[in-house]
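1. What follows is a predicted protein model with its sequence.
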Amino acid sequence: MTGSAAAAFAAPASRYLVTPIAVTDADALQPLSQDIARINSFGQVVMGRSLWTPSPRNGVFGASATLPAYGASGLLRRFDIADDGKVFGATYANLNPIDGYPRLWVPTAPNSAPTQVWGSSTLGLVATSFNSSGEFVWPVRVLSSGAVQHSIWRPGAPGAAPTQTRVAGTVPVSDGRILHARLSNAGTVVTTAYLSSSQGSMDFGQVKVFRADGSTVTLREGTSVPTSGLAMDVNAGELIVGAVRDGTGKRIPTRWVRSSSGAYVEQQLGPATPRSSFGYATAVDNSGNAVGVDFDNSFGSAVMWTGDQPNSTVLLQDRLEFHSGRGLALTIATDINSLGQITGLARNAAGQTQIVLLTPLRDGDANVDQRVNFDDLLVLAANYNRPADSWLDADFTGDGLVNFDDLLSLAANYNTGAAGDWAMAQAAIPEPASLLAGAVVPALSLARRRRR
Ligand SMILES: [Ca+2]
Ligand SMILES: [Ca+2]
């Protein structure tokens, strides 16, 4: 996730608009960083070879660009996107998941398509991330020992090499396998190292925290199945999310909360009832709302665990509104940004994996720009008393019609409550709006009284 200072708890949206972005050949259920979509605070989404950029900022429509190639061909992985649109990734010479050559795509203007690529021939990069300051953590294998040194870097100008700002810490893993590493806004590095086959699975290992003050905390020893874990994200309040393996090998969605004493307390996410299978938390926002995947049914489902009720599981599929891509089944949520936009993977009717963007909806916000104002009233007026195809037609109740109920939803959130705006909307859209002349003024007035 990206974002600035820790904020008071913000409840997740009750509904999200689905934007299908692209079909991918990724595994729809793969929770590891190599195959997941990431989103920045602008609403740009990176995955595979492409970068999707919304217009306007945080909008629900956008365009994809292919990131330019650099150097030798190989398997390309994109690990994260900074708030200004820089993309960090790697080229692998083969399918070995251990080592890669780092690649950094830098846009010439913030959030434009990156055209400048920097690359290094230093082998040993694994999954990495940006924080909101634009710094990134770069784990590099020390070839003589196999240990992996995690250092913090700051990108340079377009095309220029980044500069190292400090070393965070070293994991003495013998074969250099780091499964995942992330950098918090406070400079904390959270990393997961695959220690040995005694952990039983290549996607779990030792979980370590390198704090900016130089101290190191081991959250999971990772020497056996019941002691191994996976840390996937850390927020501005130093809340860490991921998963652990229990004594039977099941993967349990987990968070680690930093107490006032500085110790981390491990807590299960979701209900404590026995799980049929497993789950992972993949990302967390600054309110502590975590997203991920839960396999309590026979098929993976994209879920959220809210910061204030981590023991209950919210199925995101139940909160979706579509303007296209109807029928998509969300299988995993991969990231969440500071606005609450969520990226994920879904299965479409043809059985393909689809990258999707979920944007929080607020009643009355027909054009989904996070404001309820005259522009939305115009949409509603233009469609009043007509069949509606989606939320974007101002059908906020989802009954396929735009009518008085939708107007009430809009009025409840209207920015000024100015009934005079309706006369202006009528003037702009003379026909169906005139049917409602007597209704809008009471509706907006009612909303004003409720707010007092
Ligand atoms: Ca709006
Ligand atoms: Ca309606």
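-> Everything's here; your move. Ligands and ions are numbered 1, 2, ... in the order given.
2. Lowest mean pLDDT among the helices and strands of this structure, which one is it?
-> helix 430-434 (a mean of 48; mean pLDDT, DSSP states H and E).
3. Excluding chain neighbours, what is closest to the closest residue to ligand 2 within the stretch 351-452 of the chain?
-> The minimum distance from the stretch 351-452 of the chain to ligand 2, using Cβ to the ion, falls at residue 397 (3.7 Å). In this view, the C-beta of every residue, glycine as well, is placed from N, C-alpha and C. Excluding the flanking residues, the one nearest residue 397 by Cβ to Cβ, 6 or more residues apart in numbering is residue 405, at 5.0 Å.
4. list the contacts for the residue positioned nearest the centre of the chain?
-> Closest to where the C-alpha atoms of the chain average out (Cα atoms, centre = their mean) is residue 335, at 1.8 Å. If you count contacts by Cβ atoms under 8 Å, 6 or more residues apart in numbering, residue 335 has them with 1, 36, 37, 38, 39, 233, 282, 283, 291, 342, 343.
5. Pretty sure the third one sits against residue 343.
-> Yes - A contact is recorded between residue 37 and residue 343 when judged using Cβ atoms under 8 Å, the distance being 4.1 Å.
6. still on that earlier bit, what's across from the residue nearest to the centre of the chain in the sheet?
-> Beta-bridge pairing of residue 335 under DSSP bridges involves residue 343.
7. for residue 243, same thing?
-> Under the criterion used (DSSP bridges), residue 243 bridges to residue 230, residue 253.
8. Just give me the neighbour total for it.
-> 29 (other Cβ atoms under 10 Å).
9. can you pull up the bridge partners for residue 268?
-> Residues in beta-bridge contact with residue 268 (DSSP bridges): residue 254.
10. Which residue would be the closest one in the stretch 101-250 of the chain to ligand 1?
-> Counting by Cβ to the ion, the stretch 101-250 of the chain gets nearest ligand 1 through residue 111, at 20.7 Å.
11. What about that residue, how many residues nearby?
-> Residue 111 has 22 nearby residues by other Cβ under 10 Å.
12. now the helices for the chain?
-> When secondary structure is read from DSSP state H, the chain shows helices at 374-383, 404-413, 420-428, 430-434, 437-451.
13. got the angle between the first one and helix 404-413?
-> Our comparison of helix 374-383 with helix 404-413, counting by axes from the mean of the first three to the mean of the last three Cα atoms, to 10 degrees, yields an angle of 170 degrees.
14. Check whether helix 374-383 comes near ligand 2.
-> No - contact between helix 374-383 and ligand 2 is absent, the nearest approach being 9.5 Å (criterion: Cβ under 5 Å from the ion).
15. Could you save the contacts of residue 335 as TSV and add columns showing neighbour count?
-> Formatted as TSV, these follow (neighbours: other Cβ atoms under 10 Å):
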residue	neighbour count
1	29
36	26
37	27
38	26
39	30
233	26
282	31
283	26
291	30
342	28
343	29
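16. ok, these vs residue 132, which is closest?
-> residue 1 (9.0 Å; Cβ to Cβ).
17. wait, what's in contact with residue 340?
-> Residue 340 neighbours (Cβ under 8 Å, 6+ apart): 10, 12, 13, 285, 289, 360.
18. Distance from stretch 131-145 to the middle of the chain?
-> 21 Å (Cα atoms, centre = their mean, to the nearest Å).
19. Show me what counts as buried in that stretch.
-> 131, 132, 135, 136, 137, 138, 139, 140, 141 (16 or more other Cβ atoms under 10 Å).
20. Which two among the residues you listed are spaced furthest apart?
-> 132 and 141 (27.4 Å).
21. just to revisit the earlier point, filter the contacts of residue 335 down to the ones in strands?
-> If you go by DSSP state E, the contacts of residue 335 have 38, 39, 233, 282, 283, 291, 342, 343 in strands.
22. hang on, the third one packs against residue 183?
-> No - taking contact to mean Cβ under 8 Å, the distance of 10.3 Å between residue 233 and residue 183 leaves them out of contact.
23. burial of the residue in the stretch 201-350 of the chain that ligand 2 sits nearest to, as a residue count?
-> Here the residue of the stretch 201-350 of the chain nearest ligand 2 is residue 321; by Cβ to the ion that distance is 11.7 Å. Counted by other Cβ under 10 Å, the residues lying close to residue 321 total 18.
24. how about stretch 248-256: buried residues?
-> For stretch 248-256, using 16+ other Cβ under 10 Å, the buried residues are 250, 251, 252, 253, 254, 255, 256.
25. Leaving out the residues flanking it, which one is nearest to residue 210?
-> Here the residue nearest residue 210, using Cβ to Cβ, 6+ apart, is residue 169, at 3.5 Å.
26. That neighbour contacts residue 152, doesn't it?
-> No - Residue 169 is not in contact with residue 152 according to Cβ under 8 Å; the separation is 10.4 Å.
27. Near ligand 2, which residues of this protein are found?
-> 395, 397, 399, 401, 406.
28. Closest one of those residues to residue 261?
-> residue 397 (48.6 Å).
29. Buried ones among the contacts of residue 340?
-> 10, 12, 13, 285, 289, 360.
30. give me the number of residues near the nearest residue to the first one once chain neighbours are set aside?
-> What sits nearest to residue 10 in space, not counting adjacent residues and going by Cβ to Cβ, 6+ apart, is residue 287, at 4.6 Å. By the other Cβ under 10 Å criterion, the neighbourhood of residue 287 contains 24 residues.
31. looking at it, residue 287 is touching residue 310, isn't it?
-> No - the criterion here is Cβ under 8 Å, and residue 287 misses it with residue 310 at 11.6 Å.
32. Which segments of this protein make up each domain?
-> According to automatic domain parsing, the chain comprises the domains 16-360, 374-451.
33. Just name the most buried of those domains.
-> domain 16-360 (a mean of 20; mean count of other Cβ atoms under 10 Å).
34. sorry, back to before: from what I can see the residue of the stretch 201-350 of the chain closest to ligand 2 touches residue 398, true?
-> Yes - with contacts counted by Cβ under 8 Å, residue 321 reaches residue 398, the gap being 6.9 Å.
35. anything in contact with each of these two?
-> Joint contacts of residue 321 and residue 398 (Cβ under 8 Å, 6+ apart) are residue 391.
36. end to end, how far does stretch 151-162 reach?
-> 12 Å (Cα to Cα, to the nearest Å).
37. pLDDT averaged over that stretch - what is it?
-> In this model, stretch 151-162 carries a mean pLDDT of 84.
38. tell me how far that stretch is from the chain's mean position?
-> Relative to where its chain is centred, stretch 151-162 has its mean C-alpha point 24 Å off (Cα atoms, centre = their mean).
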